[in-house]
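K.L.:
Kindly generate the corresponding structure for this input.
(4 chains)
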Protein chains: 4
Amino acid sequence: MDEMLELGKQILAMQPFSVLIGAELTGFSEGHTELKIPIRPELRQQHGFVHGGVISYAADNALTYVGGSVLGPSVVTSEFKINYLRPVLGDFIVARASVIHAGKNQAVCRCDVYAASEGKESLCATAQGTIKKIGQSPQPQA
Amino acid sequence: MDEMLELGKQILAMQPFSVLIGAELTGFSEGHTELKIPIRPELRQQHGFVHGGVISYAADNALTYVGGSVLGPSVVTSEFKINYLRPVLGDFIVARASVIHAGKNQAVCRCDVYAASEGKESLCATAQGTIKKIGQSPQPQA
Amino acid sequence: MDEMLELGKQILAMQPFSVLIGAELTGFSEGHTELKIPIRPELRQQHGFVHGGVISYAADNALTYVGGSVLGPSVVTSEFKINYLRPVLGDFIVARASVIHAGKNQAVCRCDVYAASEGKESLCATAQGTIKKIGQSPQPQA
Amino acid sequence: MDEMLELGKQILAMQPFSVLIGAELTGFSEGHTELKIPIRPELRQQHGFVHGGVISYAADNALTYVGGSVLGPSVVTSEFKINYLRPVLGDFIVARASVIHAGKNQAVCRCDVYAASEGKESLCATAQGTIKKIGQSPQPQA
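P.N.:
Just a heads-up that it's a prediction; the model follows:
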């Protein structure tokens, strides 16, 4: 399990956008994932709340990871749906994803995103989506 | 219309996360929005493609803007759903959103996201969501 | 609670489409709903499985009921998303919905739909949606 | 094309649930589908409007058909999302679906559902979903 988390962290470190966001993988086991993002000024919208795009990134990436935890490393998010529940402030956000149903080629997963402030968490968004195996790592064109 | 676009650009400039992403508002009129994001290395995932979180940010923000174009400035994205259609490479992505149906308090909107490479566009994601009026700009807590 | 379930059953009996489907309300309390549909030949598609439209009806209606359990009787489903997980056969389907987050005017709810066969249940679909209060019961036009 | 429509109608006639609903296939060509449902009392909810489950059935089935128009006959709806836009009254509903993007194994499709009254149509719901090829027609268990 620790090896799996280490591998997951290495992949996250290879995602420049995840590094830009400042995401940290804090849990990664078969069927479960936890992604944490410390809240800093750069992640806000005009009213001072965390931008919805940060929340949807967290859900999307946690969903992809959890799908990969059962389907293998070559996966993409095929689609997802997210409901925002409340404006987000606090110290960090944490996205927890789990697998609802896994077939051979795709998995349907769920993700709850929480805002944590002074040790207290509140649910701020919930997402559901499909993660799909890809035949092989697609090669970016030069 | 130019005034509306100017106002929209000012609001975007006040969103630190949109500045971090490097998003530009290139169209903003009643019922239509266009948001452009130049692709740069920081926006990628581990295979060299644009990270899905950038695509979902683009869809989410374009949807919020287009909802605001008919409901007024105090709006939030209540929920949305996105289907990713192909891996994204190229020079920039452009999200075009339109209003499908607007009521007094909410609007259902659609957004197509294109990847542009050497002057040629290809559809890379499509989204549908609900934008909701909020009573007043919520105040972030100290 | 029994009164609440009775009221819920009376409302269901006033929905001609629910009567046509043969739906039964088997649970209705604050934040939770259970809707059961005996499987009969009329509910099938061409391969002998229960038609997806029956599953989505079950999810939609269970979501509306559970939203109404916290928002009051004048509610509609504003939107929902459903993932089908496996083909459905068996004796009956049962949809169980719960409230994830309720505000003053809308609630975000979730629904799992199970197929039951010889006393064994298996998850066959999962849905997530928004239930919205309506100002008053809208009057159908003559 | 007429042959294709005829084939589509034969398949619809083999879906007992579609017969129960009273659905008619009025258009079926590569990338486009039209499904019509005459409104009758049995399709209503308690306020006299067409039940949401009828609308979602229409969207779901039109999406499956349009996916099948490009992927072949062995397809299922993998997932979809629907936004209801207004209460539905009138003479019939008509669902028009089109393909947004088709790959080898799945297609992302869109469906607009209209209510028609005295020759005038109004958009009442919009849906987006994924249609997936299945390896072979699954066999219902005895």
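
K.L.:
Helix or strand next in line after the biggest helix by length in chain A, which one?
P.N.:
Taking DSSP state H as the criterion, chain A has its longest helix at helix A:52-71. Sequence order places strand A:75-84 as the next helix or strand after helix A:52-71, per DSSP states H and E.

K.L.:
Mind checking the pLDDT average for that following strand?
P.N.:
Averaging pLDDT along strand A:75-84 yields 98.

K.L.:
list the buried ones in whichever helix or strand comes after that strand?
P.N.:
Using DSSP H and E, the helix or strand that follows strand A:75-84 towards the C-terminus is strand A:92-102. Residues A:92-97, A:99-102 are the ones in strand A:92-102 that count as buried (16 or more other CB atoms under 10 Å in any protein chain shown). Every residue, glycine included, has its C-beta placed from N, CA and C.

K.L.:
Which other helices and strands does strand A:92-102 contact?
P.N.:
Here strand A:92-102 touches strand A:32-38, helix A:52-71, strand A:106-117, strand A:120-133, strand C:120-133, going by 3 or more CB pairs under 8 Å, 6 or more residues apart in numbering or on different chains; DSSP states H and E.

K.L.:
and the strand or helix carrying A:L7, is it in reach of chain B?
P.N.:
Assigned by DSSP H and E, A:L7 belongs to helix A:2-13. Yes - on the criterion CB under 8 Å from any CB of the partner chain, helix A:2-13 is in touch with chain B at A:I11.

K.L.:
again, but for stretch A:38-52
P.N.:
Yes - legend: contact between stretch A:38-52 and chain B by CB under 8 Å from any CB is shown at A:41-52.

K.L.:
Now which of these would you call buried?
P.N.:
Listed as buried from these are A:43-52; burial here means 16+ other CB under 10 Å.

K.L.:
how far away is the most centrally placed residue in chain A from chain C?
P.N.:
Against the mean C-alpha coordinate of chain A, by CA atoms, centre = their mean, the closest residue is A:A62 at 2.2 Å. According to CB to the nearest CB, to the nearest Å, A:A62 stands 16 Å off from chain C.

K.L.:
Over to A:D2?
P.N.:
According to CB to the nearest CB, A:D2 and chain C sit 31 Å apart.

K.L.:
That residue - how many residues pack around it?
P.N.:
8 (other CB atoms under 10 Å in any protein chain shown).

K.L.:
can you tell me how far it sits from A:K36?
P.N.:
Going from A:D2 to A:K36 by CB to CB, to the nearest Å gives 17 Å.

K.L.:
So in terms of bridging, what pairs with the residue of chain A at minimum distance from chain D?
P.N.:
Chain D sits closest to A:K81 of chain A, with a gap of 5.7 Å, by CB to the nearest CB. A:K81 has these beta-bridge partners by DSSP bridges: A:Q128, B:K81.

K.L.:
what sits against A:V50?
P.N.:
Shown in contact with A:V50 (CB atoms under 8 Å, 6 or more residues apart in numbering or on different chains): A:39, A:43-44, A:88-89, A:93, A:115, B:17.

K.L.:
nearest spatial neighbour of it, skipping sequence neighbours?
P.N.:
A:V88 (4.0 Å; CB to CB, 6 or more residues apart in numbering or on different chains).

K.L.:
Need the winner for burial among the helices and strands packed on strand A:92-102.
P.N.:
Stretch with highest mean neighbour count among the helices and strands packed on strand A:92-102: helix A:52-71 (a mean of 27; mean count of other CB atoms under 10 Å in any protein chain shown).

K.L.:
pLDDT (mean, whole number) over it?
P.N.:
In this model, helix A:52-71 has an average pLDDT of 98.

K.L.:
Could you do stretch A:99-112 as well?
P.N.:
The model assigns stretch A:99-112 a mean pLDDT of 97.

K.L.:
thinking again about what came up before, list the buried ones in the very next helix or strand once past the helix holding A:L7?
P.N.:
Proceeding N to C from helix A:2-13, the next assigned helix or strand is helix A:16-21, under DSSP H and E. Using 16+ other CB under 10 Å as the test for burial, helix A:16-21 gives A:16-18, A:20-21.

K.L.:
Compile these into TSV and extend it with columns for pLDDT and distance to chain D.
P.N.:
Formatted as TSV, the buried residues of helix A:16-21 follow (pLDDT from 0 to 100; distance: CB to the nearest CB, whole Å):
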residue	pLDDT	distance to chain D
A:P16	98	26
A:F17	98	23
A:S18	98	26
A:L20	98	28
A:I21	98	26
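
K.L.:
A:V66 against A:T130, yeah?
P.N.:
No - checked against CB atoms under 8 Å, the pair A:V66 and A:T130 is beyond contact range at 11.8 Å.

K.L.:
Any residues of chain A in contact with chain C? List them.
P.N.:
Near chain C, when you scan chain A using CB under 8 Å from any CB, you find A:81, A:83, A:85-86, A:100-101, A:108, A:110, A:123, A:126, A:128, A:130.

K.L.:
Quick check: the two most widely separated of the residues you listed?
P.N.:
Put simply, by CB to CB the two of the residues of chain A next to chain C set farthest apart are A:R86 and A:H101, 28.3 Å from each other.

K.L.:
Who does A:V75 form a beta bridge with?
P.N.:
Assessed by DSSP bridges, A:V75 has beta-bridge partners A:K133.

K.L.:
again with A:V50
P.N.:
Going by DSSP bridges, A:V50 forms beta bridges with A:R44.

K.L.:
Could you tell me the phi and psi values at the closest residue to A:R40 other than its chain neighbours?
P.N.:
Distance criterion CB to CB, 6+ apart; nearest residue to A:R40, sequence neighbours excluded, is A:G22 at 6.8 Å. With angles defined as degrees, to the nearest 10, A:G22 sits at phi 90, psi 30.

K.L.:
need the contact list for A:G22.
P.N.:
By CB under 8 Å, 6+ apart, the residues touching A:G22 are A:37-38, A:40, A:43.

K.L.:
follow-up on the earlier one: kindly provide the distance from the residue of chain A closest to chain D to C:K81.
P.N.:
Taking CB to CB as the measure, A:K81 falls 4 Å from C:K81.

K.L.:
wait, isn't A:V19 in contact with A:L25?
P.N.:
No - between A:V19 and A:L25 no contact is recorded; they are 12.0 Å apart, counting by CB under 8 Å.

K.L.:
near chain D, which residues of chain A show up?
P.N.:
Close to chain D, as judged by CB under 8 Å from any CB, chain A has residues A:78-79, A:81, A:106, A:108, A:130.

K.L.:
Kindly reformat those residues as TSV containing distance to D:P73.
P.N.:
Output for those, formatted as TSV (distance: CB to CB, whole Å):
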residue	distance to D:P73
A:S78	22
A:E79	23
A:K81	28
A:Q106	21
A:V108	24
A:T130	22
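
K.L.:
and which of these is nearest to D:G135?
P.N.:
A:Q106 (13.4 Å).

K.L.:
For the closest one, give me its contacts.
P.N.:
A:67, A:71, A:78, A:130-133, D:78.

K.L.:
and what of A:S69?
P.N.:
Contacts of A:S69 (CB under 8 Å, 6+ apart): A:4, A:28-33, A:99.

K.L.:
How about A:D112?
P.N.:
A:95-97, A:123, A:125-127.

K.L.:
picking up where we left off before, what's the farthest-apart pair in the contacts of A:S69?
P.N.:
Spatial extent of those (CB to CB) is set by the pair A:M4 and A:V99 at 14.3 Å.

K.L.:
thinking again about what came up before, could you dump the contacts of A:V50 to TSV with distance to B:K9?
P.N.:
Below are the contacts of A:V50 laid out as TSV (distance: CB to CB, whole Å):
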residue	distance to B:K9
A:I39	25
A:L43	20
A:R44	18
A:V88	25
A:L89	26
A:I93	28
A:A115	29
B:F17	16
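
K.L.:
check the buried residues of helix A:16-21 against chain B, which are close?
P.N.:
A:16-18, A:20-21.

K.L.:
From the residues you listed, pick the one nearest chain B.
P.N.:
For those, the closest approach to chain B (CB to the nearest CB) belongs to A:F17, at 3.6 Å.

K.L.:
how close does the closest residue to the closest one other than its chain neighbours get to B:I37?
P.N.:
Of all residues not flanking A:F17 in the chain, B:H51 sits nearest, at 3.6 Å (CB to CB, 6+ apart). Taking CB to CB as the criterion, B:H51 is separated from B:I37 by 11 Å.
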